[in-house]
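# take a look and give me a structure for this.
(one chain, ligands or ions: 1)
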Amino acid sequence: MAAVDSVSPLIGIVMGSRSDWETMQHAAAKLEALGVPHEVRVVSAHRTPDVLFDYAATARDRGLRAIIAGAGGAAHLPGMLASKTPLPVLGVPVQSKALNGMDSLLSIVQMPAGIPVATFAIGNAGAANAALFAAAMIANEFPDVAAGLDAFRAKQTADVMAADDPRR
Ligand code: RP5
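Next comes the predicted model:
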């Protein structure tokens with residue numbers, strides 16, 4: 001068991017473009033709320049491929065436990081990262097303008113056998129859930145994170161029960 005007070009990030013949040021931040025900020029907000037140290041970077045598979053390779057190749061040695069990767073369109077970022085790191089990669093399909101994110105979803109989820117990418121829902125819900133999932137992955141190692149997740153769920157339940165009549 002370890003304390004989560006280290007300054008070095010445990011989770012990497014990367015995205016193919018600054019335009020993905022509107023979606024991926026929901027992942028960062030969840031990790032922030034849970035007190036999980038994380039970093040945020042724009043890393044593009046097709047605009048900065050060398051940066052992608054370097055980020056993935058060094059991620060484990062820098063102490064990251066998992067990478068959350070969001071991308072839209074022909075969203076090869078999560079799969080390419082997964083091919084270059086042994087860390088778990090959590091893919092978030094960003095909602096594209098042309099095809100509403102179906103292109104992003106299918107290009108992230110349809111990985112050929114051998115290099116897995118855990119794929120989440122399109123858009124904000126996927127980004128938030130990827131963060132909660134990443135926190136759950138490290139919760140056994142960091143008791144503070146486990147406690148934070150328990151508290152988050154308890155509040156979520158209490159909030160629903162406190163307003164269970166939709167007319168009010
Ligand atoms: C992808 O292309 C990014 O992940 C983004 O979702 C999409 C559009 O990027 P911009 O043209 O907005 O930079 O690489």
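
# next structured bit after the helix or strand hosting residue 134?
Using DSSP states H and E, residue 134 sits within helix 124-138. Once the chain leaves helix 124-138, the next helix or strand it forms, by DSSP H and E, is helix 143-162.

# so the helix holding residue 134 versus helix 143-162, what angle?
Interaxial angle, helix 124-138 versus helix 143-162 (axes from the mean of the first three to the mean of the last three C-alpha atoms, to 10 degrees): 140 degrees.

# which helices and strands does helix 124-138 pack with?
When contacts are defined as 3 or more C-beta pairs under 8 Å, 6 or more residues apart in numbering; DSSP states H and E, helix 124-138 sits against strand 11-15, helix 21-34, strand 66-71, strand 89-93, helix 143-162. For glycine as for every other residue, the C-beta is placed from the backbone atoms N, C-alpha and C.

# redo these as CSV? Include mean neighbour count, mean pLDDT and distance to the ligand.
Shown next, in CSV, are the helices and strands packed on helix 124-138 (neighbours: other C-beta atoms under 10 Å; pLDDT from 0 to 100; distance: least, C-beta to the nearest ligand atom, whole Å):
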stretch, mean neighbour count, mean pLDDT, distance to the ligand
strand 11-15, 26, 98, 6
helix 21-34, 20, 98, 8
strand 66-71, 29, 98, 4
strand 89-93, 30, 98, 9
helix 143-162, 13, 98, 28
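
# TSV for these, including distance to residue 60?
Supplementary listing: those in TSV, determined by distance: least, C-beta to C-beta, whole Å:
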stretch	distance to residue 60
strand 11-15	10
helix 21-34	19
strand 66-71	10
strand 89-93	12
helix 143-162	19
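
# out of the ones you listed, the one nearest residue 124 is which?
Among these, the nearest to residue 124 by C-beta to C-beta is helix 21-34 (4.8 Å).

# give the other helices and strands that whichever helix or strand comes after that closest one contacts.
Later in the chain than helix 21-34, the nearest helix or strand by DSSP H and E is strand 38-42. Strand 38-42 sits against strand 11-15, helix 21-34, with contacts defined as 3+ C-beta pairs under 8 Å, 6+ apart.

# what angle separates the longest one from strand 38-42?
It refers to helix 21-34. 170 degrees.

# tell me what helix 21-34 is packed against?
Applying 3+ C-beta pairs under 8 Å, 6+ apart, one finds that helix 21-34 contacts strand 11-15, strand 38-42, strand 66-71, strand 89-93, helix 124-138, helix 143-162.

# between strand 89-93 and that helix, find me the angle.
Taking the same axes, to 10 degrees, one finds that helix 21-34 is oriented at 130 degrees with respect to strand 89-93.

# thanks again, I'm all set now.
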